[in-house]
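Student: Could you look at this predicted model? Sequence included:
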Amino acid sequence: MGKESEKEREKEKEGEREEEEKLCKRCKQIYSPSSNDPSSCRFHPSFFVCRRHDDQKRYYELGPDDPPYAAKFYDCCGAEDPEASGCATSFHVSYDDE
């Protein structure tokens with residue numbers, strides 16, 4: 001009986017480890033692996049950049065110290081706000097996942 005109860009405790013511990021909350025390295029939100037689905041994580045797949053944009057017809061808000069050719073935006077979607085919600089969705093990815 002002692003071995004059976006040890007096995008049961010091990011299974012419970014494994015279940016608890018799986019349900020531990022994790023930090024997503026894309027969107028920086030805490031999530032539970034059991035509720036992770038294909039639309040859980042909203043993120044930008046590219047970087048926030050400061051450079052001339054390929055689309056010259058678009059207007060970009062420049063700061064007072066920016067050179068006239070500089071534009072600040074997400075390279076993936078063109079959003080100019082560094083705090084803009086992501087333009088792509090997928091599963092959360094933990095720092096523990098490799």
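Tutor: Now that the structure is in, tell me what you want to look at. Computed from a predicted model, the values in this text were never measured in an experiment. Numbers count the residues shown, from 1 in each chain.

Student: As a check, name the ranges of all strands in the protein.
Tutor: For the chain, strands defined by DSSP state E occupy the ranges 22-23, 30-31, 41-43, 48-51, 71-74, 88-90.

Student: In CSV: these, plus mean pLDDT and mean neighbour count.
Tutor: Glycine gets a C-beta too; all of them are placed from N, C-alpha and C. Listed next are the strands of the chain as CSV, based on pLDDT from 0 to 100; neighbours: other Cβ atoms under 10 Å:
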stretch, mean pLDDT, mean neighbour count
strand 22-23, 95, 16
strand 30-31, 96, 14
strand 41-43, 97, 18
strand 48-51, 83, 14
strand 71-74, 85, 20
strand 88-90, 97, 14
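
Student: Output these in a markdown table, with distance to Asp96 appended to each entry.
Tutor: As requested, those are arranged in a markdown table below (distance: least, Cβ to Cβ, whole Å):
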| stretch | distance to Asp96 |
| --- | --- |
| strand 22-23 | 6 |
| strand 30-31 | 12 |
| strand 41-43 | 15 |
| strand 48-51 | 26 |
| strand 71-74 | 27 |
| strand 88-90 | 17 |
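
Student: of all the ones you listed, which lies closest to Pro82?
Tutor: strand 48-51 (5.2 Å; Cβ to Cβ).

Student: In the protein, mark out all the helices, start to finish.
Tutor: Along the chain, the stretches classed as helices by DSSP state H are 2-18.

Student: low pLDDT regions in it?
Tutor: Applying pLDDT under 70 to the chain flags residues 1-19, 52-63, 66-70, 98.

Student: coming back round to it: quick one: which of the strands of the chain is nearest Pro64?
Tutor: Closest among the strands of the chain, using Cβ to Cβ: strand 71-74, at 13.0 Å.
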